[in-house]
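**Q** Below: sequence and its predicted model.
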Amino acid sequence: MKKRLERFLRMLEKGIIGISIELVYPLIVTVSAFFLCLIMFISEISSR
Amino acid sequence: MIPDFSKDDISVVSHYLGKILIALGIAQLLPLIVGLISGEMAAVIDFFISIIACFSFGSILLYFSPSPYELNWRQGMIIVALSWFLAMFSSALPLYLSGHFEYFLDACFESMSAYATTGLVLIQDLDHLSHAHNVWRHLMCFIGGQGIILVALVFFFRGGDALRIYIGEARDDKILPNSITTAKFIWMVSFTYLIIGSLLLCFVLLLNGMPFSRAFFHGLCIFMAGWDTAGFAPQSLNILYYHNPALEIVTIIIILLGATSFGVHYAVWTGRFRELKEDFEVKILMFTVFLTYLITLVGFSGYVMRFPDTFSFFRSTFYQVISAHTGAGYTNIYASQLAEWPQLAIFGVIVAMAIGGCMNSTAGGIKVFRIGLFYKSMKREVRKLAYPESSYIKEFFHHQREISVDDAMVKTAMIITVCYILLYLSGAIIGTFFGYDFLLSLFESVSAAANVGLSTGITSTSMPAFLKIWYIIEMWAGRLEFFAIFILIRFFVKLVRR
């Protein structure tokens, strides 16, 4: 019983870290895309 | 001699379809309860009628086709292909009874769109739809995204039968050794994110000044449709209704996670965090997201000054591209605005829609895995030409483990890719035949077949009935990835010939 609880807590710990990492990765994609957009916007303004 | 289709197959198929019909009747209890809590008696009656119909027809099917022997592969495929149509008809009934649809065909279109996680809508006056019906629309997205079969798999099927049906639903990644435990894991991930995502959306809407009960309802609905990349929303203006950048960011997180393979979720959840960085499919997804976004941005050159600042330009463009790529179909601009985009920008979104998300996720489309496989096999062929004839060239990719590219894998991927392209083109040609612009017809067709749901305005109650039927077929075929449908067609042909 104790072993099972320990195993469950270990999995939960990993799961929480996993979920946190998964929640961050779309934000990295969004921020990177924003910089791409910013470059496009600046180049468009500077070409005028 | 390999036995061919026979009339005995009908009994086996009917038995399982009866079970699925009863499962769909049970699922309708949730909107019925919501209707009771909200005091929407008309909606309660609609669902009561529909549940009685599901239970009656399901029981009749079970009565006339008693428990069969073990399923074989072709029967599993036929059950999968037919169950989606059965689900469409049975689930359209309460929608049609709501009075928000002009024709029963429109209600069928809506339910297939939900089950196939497409998101194209034909509902009228959505803003005044009852809570019960709205919950049902979004619940259908959730059930469809998880897989109708996955719903039944956990509760009704056991052993070898489960695997045969599971594979038929275009989910060939076995995350865990047993298909039942795989189905349970998929449900566990989805329910965990259901709690996190709904609360996050509810919190953002509360900050936006929405009352708690409404914020919770909208949060739950948006999550169910977002996670399963369906793109339904409780309001007719979709995400545009909220005018909230924070909500848009939260939905981007949800739809990107929804379009990520459950295999990757499993790896990350069990401590293999590097899988997110190393998985071949995730890498290709990131590459194609940026590539299609770049095409869209280049398409806007000369038009950028229409936007007041970088942020509004980014919100308008990136949201449509990421929504298209993940197959979500959420939008924060009007359909008419999208139709007025420069042609190259529209093309960028079409390419994003056509590619779609990861295999074994809730996203539709060709899938980034097949695009990556195509690239790897091309690389292998080029290397073969560059090295001496006697050399043995192997190409590997990392997808939960190191996998070698083999010809059978490439052949299957290419067949499905060609089928998708033909399906995309068929809808575009039919749309053009009915007088719509070719590029916009292609956009709408790809949106239907890749189960995206973005629209340039073609999808409406006034569009020709044939086009509605064709889009239903496109959504169905696109969701099941063809093989189950080919086997169903063969089954009917054999039955007619006998």
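**A** It's in.
**Q** Please list the residues of chain B that sit near chain A.
**A** For chain B, the residues in contact with chain A (Cβ under 8 Å from any Cβ of the partner chain) are B:192, B:196, B:249, B:252-253, B:256-257, B:260, B:265, B:268-271, B:273, B:276, B:286, B:289-290, B:293-294, B:297-298, B:300-302, B:304-305, B:310, B:313-314, B:317-318, B:322. For glycine as for every other residue, the C-beta is placed from the backbone atoms N, C-alpha and C.
**Q** Just the buried residues of those.
**A** For those, a burial check counting by 16 or more other Cβ atoms under 10 Å in any protein chain shown picks out B:196, B:249, B:252-253, B:256-257, B:260, B:265, B:268-269, B:273, B:276, B:286, B:289, B:293-294, B:297, B:300, B:304, B:310, B:313-314, B:317-318, B:322.
**Q** From the residues of chain B next to chain A, which land in helices?
**A** B:192, B:196, B:249, B:252-253, B:256-257, B:265, B:268-269, B:276, B:286, B:289-290, B:293-294, B:297-298, B:310, B:313-314, B:317-318, B:322 (DSSP state H).
**Q** Grab the most central residue of chain B for me.
**A** Centre of chain B computed as the mean C-alpha position; nearest residue by Cα atoms, centre = their mean is B:Thr117, 3.3 Å away.
**Q** And what about the spatially closest residue to it that is not a sequence neighbour, helix, strand or coil?
**A** If you skip the residues right next to it in sequence, B:Thr117 has B:Ala230 as its closest partner in space, 4.0 Å away by Cβ to Cβ, 6 or more residues apart in numbering or on different chains. What DSSP: H, G, I helix; E, B strand; the rest coil gives for B:Ala230 is coil.
**Q** hang on, B:Ala230 packs against B:Gly119?
**A** Yes - when contacts are counted by Cβ atoms under 8 Å, B:Ala230 is listed as touching B:Gly119 (5.0 Å).
**Q** shared neighbours, these two?
**A** B:Ser113, B:Cys141, B:Ala328, B:Gly329, B:Asn451, B:Gly453 (Cβ atoms under 8 Å, 6 or more residues apart in numbering or on different chains).
**Q** Chain A: helices as residue ranges?
**A** A:2-46.
**Q** what separates stretch B:414-431 from the chain centre, distance-wise?
**A** Centroid separation for stretch B:414-431 versus its chain: 17 Å, with Cα atoms, centre = their mean, to the nearest Å.
**Q** ok, and for it, which residues are buried?
**A** Here stretch B:414-431 shows B:Ile416, B:Thr417, B:Cys419, B:Tyr420, B:Leu423, B:Tyr424, B:Ser426, B:Gly427, B:Ala428, B:Ile430, B:Gly431 as buried, counting by 16+ other Cβ under 10 Å.
**Q** Excluding chain neighbours, what is closest to residue 25?
**A** No chain specified, so I'll use chain A. In space, A:Tyr25 is closest to B:Leu276, 6.0 Å off (Cβ to Cβ, 6+ apart).
**Q** You answered for a different chain; I wanted chain B.
**A** The shortest distance from B:Gly25 to any non-neighbouring residue, by Cβ to Cβ, 6+ apart, is to B:Cys54 (3.1 Å).
**Q** quick one: that neighbour and chain A, what's the gap?
**A** 36 Å (Cβ to the nearest Cβ, to the nearest Å).
**Q** Next, the buried residues of whichever strand or helix holds that residue.
**A** B:Cys54 belongs to helix B:41-64 when assigned by DSSP states H and E. Neighbour-count burial for helix B:41-64, counted by 16+ other Cβ under 10 Å, picks out B:43-44, B:46-47, B:50-51, B:53-55, B:57-58, B:61-62.
**Q** Quick one: residues contacting B:Gln146.
**A** Going by Cβ under 8 Å, 6+ apart, B:Gln146 touches B:Ile186, B:Trp187, B:Ser190, B:Asp228, B:Thr362.
**Q** quick one: which of the residues you listed has the most company?
**A** B:Asp228 (32 neighbours; other Cβ atoms under 10 Å in any protein chain shown).
**Q** what does chain A put close to chain B?
**A** Close to chain B, as judged by Cβ under 8 Å from any Cβ, chain A has residues A:11, A:14-15, A:17-19, A:21-23, A:25-27, A:29-30, A:32-34, A:36-38, A:40-41, A:44-45, A:48.
**Q** are any of those residues buried, and which?
**A** For the residues of chain A next to chain B, buried by 16+ other Cβ under 10 Å: A:14-15, A:18-19, A:22-23, A:25-26, A:29-30, A:33, A:37, A:40-41, A:44.
**Q** Cool, thanks, signing off.
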